[in-house]
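Undergrad: Structure for this input, please:
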Amino acid sequence: MSTDDQIREAVRTVRTWARGDERAPHKPLLLLLALGRVQRGEDRLVPFKDVREPLRRLLMEFGPSRDSYHPEYPFWRLQHDGLWEVPGGEHLEPRRGNTNPSLGALLGVSGGFPEAVDDVLRARPDLVRELGHEVLNAHFPSSLHESILGSVGLDLDPPAILGARRARDRAFRDLVLRAYGYQCAVCGLDARLDGAAIGLEAAHVHWHASRGPDAVENGLCLCPLHHKALDLGLLALGQQRRLLVSSRLHGGDAVEAQLGRYHGRELVGPLHGQPCVADVHAEWHRREVFKAPSRAA
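TA: So this is what the prediction gives:
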């Protein structure tokens, strides 16, 4: 694999673990981490022992809440997509009942883009940026893009929608803001400039990047802070439209005032006759995004 189009196709079709609509961002996060290394001119191969903890932190922050996190999975399995190699890996003994090597075995090897892929990427910084956009748009909501890029050390051009998997409905934002009376469903912010709403966004509860629909029953009108908190899993929707705040959120008085105090409160809106967030979307978000457990009542 050595041409631009072959690399693009491999990135677009990278196989992620799938069971229903559960999220598995392991390979996408490793790809972004590796693209950042290329952009910074770092060595092609990186020892697993050096990337293990950074990748684990990425999975904790931007992946679903899990009892344990396994950076060894994408480090080994991305090889199956033609975008990664682990030289000498064929000599590693697999775990019992599994094709993957043990964690201890991986601590002695390195991995990275195959040489042909790496050569193209280092000669084509524009392709690195394009692929970065492709991975972000395909697997993560836009509110998290800057945070993810900062965490992986990847610098992209001004935001662009390149290779988006599915076109967004341009009417979604207007319909959601109208349904909630142009106020944040968490804090009630309803700022206007000469009658025009400002500082409000339409958030997908079930992420658009994870096939969530552009429908009012999958949307919330939120200010930027509470939109990002929702996408990071600090906030979620519980029963009877009441907000959940993750017990993993910590900070001082300002954090409590802006986020913590809303635990257990009912959403602001929607207006009479407008649909509430459907249970199926709220449940997806609690399962795939929320950093459980929630605070005590």
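Undergrad: The stretch 51-200 of the chain: strands as residue ranges?
TA: 110-111, 192-193, 196-197 (DSSP state E, counting those that start in this stretch).
Undergrad: Comparing those strands, which stretch has the densest surroundings?
TA: Greatest average neighbour count among the strands of the stretch 51-200 of the chain goes to strand 110-111 (a mean of 22), per mean count of other CB atoms under 10 Å. In this view, the C-beta of every residue, glycine as well, is placed from N, C-alpha and C.
Undergrad: tell me the helices in the chain, going along the chain?
TA: Along the chain, counting by DSSP state H, helices occupy 4-12, 26-39, 48-62, 72-77, 103-106, 115-123, 125-139, 145-152, 171-179, 224-232, 253-258, 279-288.
Undergrad: buried residues in the first one?
TA: Using 16 or more other CB atoms under 10 Å as the burial criterion, the residues of helix 4-12 that qualify are 7, 11.
Undergrad: what helices or strands is that helix leaning on?
TA: Secondary-structure packing of helix 4-12 (3 or more CB pairs under 8 Å, 6 or more residues apart in numbering; DSSP states H and E): helix 115-123, helix 125-139.
Undergrad: can you check the fifth one too?
TA: Contact partners of helix 103-106 among helices and strands, from 3+ CB pairs under 8 Å, 6+ apart: helix 72-77.
Undergrad: Report the backbone C-alpha coordinates of the helix it packs on in CSV.
TA: What follows is helix 72-77, C-alpha atoms only, in CSV (Å, rounded to 0.1, in the frame of the first residue of the first chain):
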residue,chain,number,x,y,z
GLU,A,72,-2.9,-3.4,23.7
TYR,A,73,-5.9,-4.3,21.5
PRO,A,74,-5.5,-1.5,18.9
PHE,A,75,-1.7,-1.7,19.0
TRP,A,76,-1.9,-5.3,17.8
ARG,A,77,-5.2,-5.4,15.8
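Undergrad: Pull the residues that contact it.
TA: With contact meaning CB atoms under 8 Å, 6 or more residues apart in numbering, helix 72-77 is reached by 17, 26-27, 29-30, 48, 51-52, 55, 84, 86, 89, 100-101, 103, 106, 111.
Undergrad: okay if I get the strands of the stretch 51-200 of the chain as CSV plus distance to residue 129?
TA: Shown next, in CSV, are the strands of the stretch 51-200 of the chain (distance: least, CB to CB, whole Å):
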stretch, distance to residue 129
strand 110-111, 23
strand 192-193, 34
strand 196-197, 33
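Undergrad: mean pLDDT for these: which is lowest?
TA: Here those differ in mean pLDDT, and the lowest is strand 196-197 at a mean of 81.
Undergrad: ok now that one, how far from the chain's centre?
TA: Averaging C-alpha positions (CA atoms, centre = their mean, to the nearest Å) puts strand 196-197 29 Å from its chain's average.
Undergrad: who does the nearest residue to residue 173 once chain neighbours are set aside bridge with?
TA: Distances taken as CB to CB, 6 or more residues apart in numbering place residue 202 nearest to residue 173, at 4.0 Å, with adjacent residues excluded. Per DSSP bridges, the residues bridged to residue 202 are residue 221.
Undergrad: if I look at residue 202, how far off is residue 236?
TA: 18 Å (CB to CB, to the nearest Å).
Undergrad: picking up where we left off before, between the helices and strands packed on helix 4-12, which one is closest to residue 10.
TA: For these, proximity to residue 10 was assessed by CB to CB; helix 115-123 is nearest, at 8.1 Å.
Undergrad: For the residue nearest the centre of the chain, list the residues it contacts.
TA: With distances taken as CA atoms, centre = their mean, residue 140 lies nearest the centre of the chain, 3.7 Å away. Neighbouring residues of residue 140 by CB under 8 Å, 6+ apart: 25, 28, 62, 148, 207, 209.
Undergrad: What of residue 198?
TA: Contacts of residue 198 (CB under 8 Å, 6+ apart): 191-192.
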